[in-house]
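Peer 1: Provide a 3D model corresponding to the input given below.
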Amino acid sequence: DIAGQTLPASGAIAGDWWDLIRTPRGVALAMVDVTGHGPEAGVLGLQIKAIMTAAMSAGFAPSVVMDRVSSGLTDVDALLATAVILEIPSDKNQPIQWVNAGHPAGYLIDANRLITSLNPTGPMLGGFGGTWQNQEIFFGNGDRIILVSDGLLETQDERGEEFGTRGLIASVVSGEKARDSAELTNLIV
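Peer 2: Numbering: from 1, shown residues only. Just a heads-up that it's a prediction; the model follows:
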């Protein structure tokens, strides 16, 4: 199962989003974080979403999708975005393909609590191009993949300490008894 939340900062317009996109091989989970706030960031986020959705729906590999997004941003000045795409195949015997364009690392936490980082596989998105590499991971029963944006990782407690990667992993591991992804997401956020 898949669940997520988007909590905007102070109701500001922004270009941050996540979505599920149907692909010829299954479904893709995409997450994008556009720098800044306001109408320009919102428009950039919509541009990225349109390009990603069309390319993933047409069956392009995640790395090619990132290249298409970057090529589509050549007329955008001064705004950058990070993004991650996980293509989850319908055939459970096939690996998940993923690519990370400068986004905070995601994590695969397997049923034995072994943690694999889904680190960036290429640069942030902008009109300057780059190369993004597809990676593959296998996903088994009891495994979890966690994707977040920097907003959650940089959230501070009353002492001024950031939630960070340590807080994220601890929350996921302590919430392993959650019935589903929606319940786990509510525990973390």
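Peer 1: What separation is there between the residue at the greatest distance from the centre of the chain and residue 148?
Peer 2: In the chain, counting by CA atoms, centre = their mean, residue 159 sits farthest out from the average C-alpha position, at 28.3 Å. Residue 159 is 21 Å from residue 148, where distance means CB to CB, to the nearest Å. Just so you know, the C-beta spots here come from the backbone N, C-alpha and C atoms, and that holds for glycine as well.
Peer 1: Name the nearest residue to the residue nearest to the spatial centre of the chain, ignoring sequence neighbours.
Peer 2: The residue lying closest to the centre of the chain (CA atoms, centre = their mean) is residue 31, at 3.4 Å. Nearest non-adjacent residue to residue 31, counting by CB to CB, 6 or more residues apart in numbering: residue 18, 4.3 Å away.
Peer 1: before we move on, what about residue 41?
Peer 2: Spatially, and ignoring its direct neighbours in sequence, residue 41 is nearest to residue 15 (4.0 Å; CB to CB, 6+ apart).
Peer 1: What count of nearby residues applies to that neighbour?
Peer 2: Using other CB atoms under 10 Å, residue 15 has 24 neighbouring residues.
Peer 1: Over to residue 56?
Peer 2: Neighbours of residue 56 under the rule other CB under 10 Å: 26.
Peer 1: Kindly report the same for residue 136.
Peer 2: Neighbour count for residue 136, taken as other CB under 10 Å: 10.
Peer 1: where does the chain dip in pLDDT?
Peer 2: Within the chain, the ranges that satisfy pLDDT under 70 run 1-13, 75-78, 150-157, 162-189.
Peer 1: again, only using 90
Peer 2: By pLDDT under 90, the low-scoring segments of the chain are 1-18, 33-45, 71-80, 92, 104-117, 126-130, 139-189.
Peer 1: which helix of it spans the most residues?
Peer 2: Longest helix in the chain by number of residues (criterion: DSSP state H): helix 39-57.
Peer 1: List the buried residues in that helix.
Peer 2: 40-42, 44-45, 47-49, 51-53, 55-56 (16 or more other CB atoms under 10 Å).
Peer 1: ok, residues contacting the helix or strand following that helix?
Peer 2: Counting by DSSP states H and E, the element after helix 39-57 in chain order, helix or strand, is helix 62-72. Residues outside helix 62-72 that contact it (CB atoms under 8 Å, 6 or more residues apart in numbering): 28, 47-48, 51-52, 55-56, 60, 83, 85-87, 97-99, 101, 121-122, 125-134.
Peer 1: in helix 62-72, what's buried?
Peer 2: 62-70, 72.
Peer 1: where's residue 98 relative to residue 46, distance?
Peer 2: From residue 98 to residue 46 the distance is 23 Å (CB to CB).
Peer 1: Apologies, that question was intended for residue 107.
Peer 2: Noted for residue 107: a distance of 28 Å to residue 46, by CB to CB.
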